[in-house]
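Colleague: Below: sequence and its predicted model.
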Amino acid sequence: MMTNLFSVFDPSTNIMNLSLNWLSTFLGLMILPLIYWMIPSRHNVIWFSVIKTLHNEFKTLIGPTGHNGSSFIFIALFSLILFNNFLGLFPYIFTSSSHLSMTLALAMPLWFSFMIYGWINHTQHMFAHLVPQGTPAALMPFMVCIETISNVIRPGTLAVRLAANMIAGHLLLTLLGNTGPSLTISLLSLLMFAQIALLTLESAVAMIQAYVFAVLATLYSSEVN
């Protein structure tokens, strides 16, 4: 039962053993040519306002010591995750953001780059982060261990949070959808209402998880400056 249930996340579509599921990750690029219209569409106006809002917020989180233009890295990260989360809500489209191979590939390079930059350029500042201010001398060794562990697991928590949230909603939609053929008409109408409500919730989760991933990555980068 569990094998059949989780098989909906398997990258099984292929032509001549060439997997085509991961191509859904790049479907968002099809929307980009709209940006180059002479007269911006409503879609472009909305998207530019979202980008401007995110830029102002990420710039505030990074702080005055951050490099110019560094917020656009996290805006691009937010856009990539948002596109993939939304594409996964459509039928027969592979949800790449529900796989740890995708989410870890986003989280690990960011965390490694932050750590390398911080320890090379701000070594004393990074050592100071290991011991919170006001910690008693007897507790300092334990605090160093706790802070080190919490720092090391950051990319894992970023990746698992995104993948688990996407998997949970899709599994619930799949489980409810599979009960449809065995229900009566009255229960089927109730099931359709529940599925629409869950799909609306998943749309909100897709936006929230992309925002949370980008904001946490921004906060991690601000700690090394």
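Modeller: Perfect, I can see it now.

Colleague: Quick check: chain neighbours aside, which residue is closest to Phe86?
Modeller: Ala206 (5.3 Å; CB to CB, 6 or more residues apart in numbering). Glycine gets a C-beta too; all of them are placed from N, C-alpha and C.

Colleague: Which elements pack onto the lengthiest helix in the chain?
Modeller: Taking DSSP state H as the assignment, the helix of the chain that covers the most residues is helix 185-222. On a contact count with 3 or more CB pairs under 8 Å, 6 or more residues apart in numbering; DSSP states H and E, helix 185-222 meets helix 42-62, helix 71-87, helix 100-121, helix 154-178.

Colleague: hey, which of the ones you listed is tucked in deepest?
Modeller: helix 71-87 (a mean of 20; mean count of other CB atoms under 10 Å).

Colleague: So which residues make contact with that helix?
Modeller: Counting by CB atoms under 8 Å, 6 or more residues apart in numbering, helix 71-87 makes contact with 24-25, 27-28, 31, 51, 54-55, 58-59, 62, 93, 95-97, 102, 106, 110, 162, 166, 203, 205-207, 209-211, 213-214, 217-218, 221, all of which sit outside it.

Colleague: Check for me that Gln133 belongs to a helix.
Modeller: No - per DSSP: H, G, I helix; E, B strand; the rest coil, Gln133 lies outside any helix segment and is coil.

Colleague: Give me the neighbour count for it.
Modeller: 5 (other CB atoms under 10 Å).

Colleague: Run through the chain and note the low-pLDDT ranges.
Modeller: 1-19, 27-38, 65-66 (pLDDT under 70).

Colleague: My read is that Gly88 contacts Met102, right?
Modeller: No - the pair Gly88 and Met102 does not pass the contact test of CB atoms under 8 Å, sitting 10.9 Å apart.

Colleague: Can you work out which residues contact both of the two?
Modeller: Shared contacts of Gly88 and Met102 (CB under 8 Å, 6+ apart): Ser96.

Colleague: one step back: surely the residue nearest to Phe86 and Thr95 touch.
Modeller: No - Ala206 lies out of contact with Thr95 (CB under 8 Å); the separation is 9.9 Å.

Colleague: Which strand or helix spans Ser150?
Modeller: Ser150 belongs to helix 140-152 when assigned by DSSP states H and E.

Colleague: coming back round to it: now the longest helix of the chain against helix 140-152, angle please.
Modeller: 120 degrees (axes from the mean of the first three to the mean of the last three CA atoms, to 10 degrees).

Colleague: Now do the buried residues in helix 185-222.
Modeller: For helix 185-222, the neighbour count (16 or more other CB atoms under 10 Å) marks 198, 202, 205-206, 209-210, 212-218, 220-222 as buried.

Colleague: and the residue lying closest to Phe112 once chain neighbours are set aside, what does it touch?
Modeller: Spatial nearest neighbour of Phe112, excluding adjacent residues (CB to CB, 6+ apart): Pro155 at 8.0 Å. Neighbouring residues of Pro155 by CB under 8 Å, 6+ apart: 104, 107-108, 110-112.
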